[in-house]
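**Student:** When you get a sec, could you give me coordinates for this:
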Amino acid sequence: MMRLLTGRSQDDPHALGEAFTARARACVRPLCVLAHHDDEIPVAGLLQRLGPGLRIVWVTNSDGLYFESDLPPPEYGELRTAEGMRSAAALGLDASSVRNLAFSEVEIYRCLSRLHSGAGDLDSERALFERMREAVRDAVFEIEPDLVVSLAWQGGQPEHDLTHFFTRLALRELARERSLRPGFFHFPAYEYTYALAMRFHPLYRGQRMRLRLTRGELERKLELLQAYPSQVRLFERFRWAFRLLFYPLGLLSGGPRSAEGFLAIEEFGPVPEIDYSAPPHRLDFCTYMFDDFEGVPVTFARSVRPLVRSFL
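**Tutor:** Numbers count the residues shown, from 1 in each chain. Prediction:
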């Protein structure tokens, strides 16, 4: 689709983004595969432009932060799923357009921590992830999408990376078994804890596309955010940090001068060739920084890479 762009437009992320969405509107069955309820917020503008045929698949039940509430994981997962449904409604989607695979974050992290510590081996822990892979595959095969958007393979959060990876495997099987090859695009969430949010890192070598949202698209994006009280609190902290740290840079560089202005720019791009057995960061410490389950670390080298290699 980018062959229509010539000259300097080939390197202009905004021109590439606008050209992408102009053609993506013609897609009949665009699909967005996400790890958690609220992962759609970074690309809420893009999802608006994909039209009424959009389908969303959430892989987990988002129960991972249950300890911030007074609810047990199952009830907290139900609460988060309901929040996701309100977010989908803000996008104009009904229940038939979304699917919750409902894998427990708590169980996923428990397995990943056991792999890291050696309390569990690959043979015993792999079963849960095999079910996840099959569930993502089944959803992709049922929808037969003509465009797929998912989280980037980024090293910020293990469930983000596994969702991306299982989506990639499903699309490979779709091509092999049904000769269907939808475009596969990804978007950044965060890495280095939250130090780099909603943007690819400066050394990212893949093609960048950007959208500048209209006022109406931004307002709807903020409406999605309101569906998640936890994200509202996070955004208030982000707004405070933006005023303190990034507003001066915006004045100097011509970049966003407010947190809302930052949200009004969305970044994504086509998924490049990736060696999934290689760490997203050179230092394993920088991948899933400070992630743990009940005090036991979750790492790429000892938790995720053994799983990825077993599926490859």
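**Student:** make it CA atoms for all contacts and neighbour counts henceforth
**Tutor:** Fine.
**Student:** Pick out the residue closest to the middle of the protein.
**Tutor:** Centroid check for the chain by C-alpha atoms, centre = their mean gives L151 as the closest residue, at 2.8 Å.
**Student:** What residues are bridge-paired with that residue?
**Tutor:** F187 (DSSP bridges).
**Student:** these two touch, right, it and Y190?
**Tutor:** No - assessed by C-alpha atoms under 8 Å, L151 is found out of contact with Y190, at 10.1 Å.
**Student:** so where's the chain shaky on pLDDT?
**Tutor:** 1-10, 243-255 (pLDDT under 70).
**Student:** and if we set it to 80?
**Tutor:** Residues of the chain meeting the criterion pLDDT under 80: 1-10, 238-257.
**Student:** where do the helices sit along it?
**Tutor:** Ranges of helices within the chain are 13-24, 44-49, 73-90, 105-117, 122-143, 158-178, 215-226, 229-241, 247-253, 259-263, 305-311, based on DSSP state H.
**Student:** and the ones you listed as JSON lines, adding distance to L196?
**Tutor:** Putting the helices of the chain into JSON lines (distance: least, C-alpha to C-alpha, whole Å) gives the following:
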{"stretch": "helix 13-24", "distance to L196": "18"}
{"stretch": "helix 44-49", "distance to L196": "19"}
{"stretch": "helix 73-90", "distance to L196": "24"}
{"stretch": "helix 105-117", "distance to L196": "23"}
{"stretch": "helix 122-143", "distance to L196": "28"}
{"stretch": "helix 158-178", "distance to L196": "15"}
{"stretch": "helix 215-226", "distance to L196": "19"}
{"stretch": "helix 229-241", "distance to L196": "12"}
{"stretch": "helix 247-253", "distance to L196": "15"}
{"stretch": "helix 259-263", "distance to L196": "12"}
{"stretch": "helix 305-311", "distance to L196": "23"}
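**Student:** can you tell which of those is closest to Y276?
**Tutor:** Go through the helices of the chain one by one with C-alpha to C-alpha and the one that ends up closest to Y276 is helix 305-311, at 6.9 Å.
**Student:** May I see the buried residues of the closest one?
**Tutor:** 305-308 (16 or more other C-alpha atoms under 10 Å).
**Student:** And the spatially closest residue to V28 that is not a sequence neighbour, how close does it get to F311?
**Tutor:** Sequence neighbours aside, G53 is the residue nearest to V28 in space, at 5.7 Å (criterion: C-alpha to C-alpha, 6 or more residues apart in numbering). Note on G53: its distance to F311, by C-alpha to C-alpha, to the nearest Å, is 31 Å.
**Student:** which residues sit in contact with L34?
**Tutor:** The neighbours of L34, taking C-alpha atoms under 8 Å, 6 or more residues apart in numbering as the test, are 40, 56-59, 150-151, 160, 163.
**Student:** Determine which two of these are furthest apart.
**Tutor:** Taking C-alpha to C-alpha, the two most distant members of the contacts of L34 are I56 and H160; they sit 14.9 Å apart.
**Student:** Enumerate every residue touching the residue nearest to the centre of the chain.
**Tutor:** Shown in contact with L151 (C-alpha under 8 Å, 6+ apart): 33-35, 160-161, 163-164, 186-189.
**Student:** Repeat that for E18.
**Tutor:** With contact set as C-alpha under 8 Å, 6+ apart, E18 has these partners: 210-211.
**Student:** Distance-wise, check it relative to R176.
**Tutor:** In terms of C-alpha to C-alpha, E18 sits 31 Å off from R176.
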